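Asker: only geometry, no sequence info:
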C-alpha cells in the first residue's frame, strides 16, 4: 500500500466520522424539536447512548467535563455538541499518581 493510498483511506475515515457526527447532531435537534417547546431540554442522548448538549456552555460545565481531576471518568460528554471529550484533569491526575 502506498502512502497516497494510506492518506486516502485516512481521509475517508475522517469524512465518515464527520458524516456520522453530523447525522447524530441532526437527529438530536430533530428529537428536541419534536417535543413541545416547554419540554425541550437541549441535552440528552441520541441513538441510545451518544450524549449531546446544545445548551450555552458554562464555566462550571466546562470544568466538570474537561478539568475534573477528582472525577471518576476519563471520557465525558462534550461541553457543547455531540459525542465525548477527554477529562484532561483526570488524565493529569492519573499520570501524577503513576509518577510519584
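Answerer: Alright, I've got the coordinates. Everything numeric in this text was worked out from a predicted model, so none of it was measured. Numbering: from 1, shown residues only.

Asker: Can you mark which positions in the top helix by length along the chain are buried?
Answerer: If you go by DSSP state H, the chain has its longest helix at helix 3-33. Residues of helix 3-33 classed as buried by neighbour count (16 or more other C-beta atoms under 10 Å): 24, 25, 28, 32. Glycine gets a C-beta too; all of them are placed from N, C-alpha and C.

Asker: Let me see the mean pLDDT of it.
Answerer: Helix 3-33 comes out with an average pLDDT of 86.

Asker: Give the partner strands of the following helix or strand past it in its sheet and their orientations.
Answerer: Next helix or strand after helix 3-33 toward the C-terminus (DSSP states H and E): strand 43-46. Here strand 43-46 is paired, per DSSP bridges, with strand 50-53 (antiparallel).

Asker: ok, and what's touching the partner strand?
Answerer: Identification of contacts with strand 50-53 by C-beta atoms under 8 Å, 6 or more residues apart in numbering yields 24-25, 28, 42-46, 61, 77-84.

Asker: Please list only the buried members of these.
Answerer: By 16+ other C-beta under 10 Å, those give 24, 25, 28, 46, 61, 77, 78, 79, 80, 81, 82, 83 as buried.
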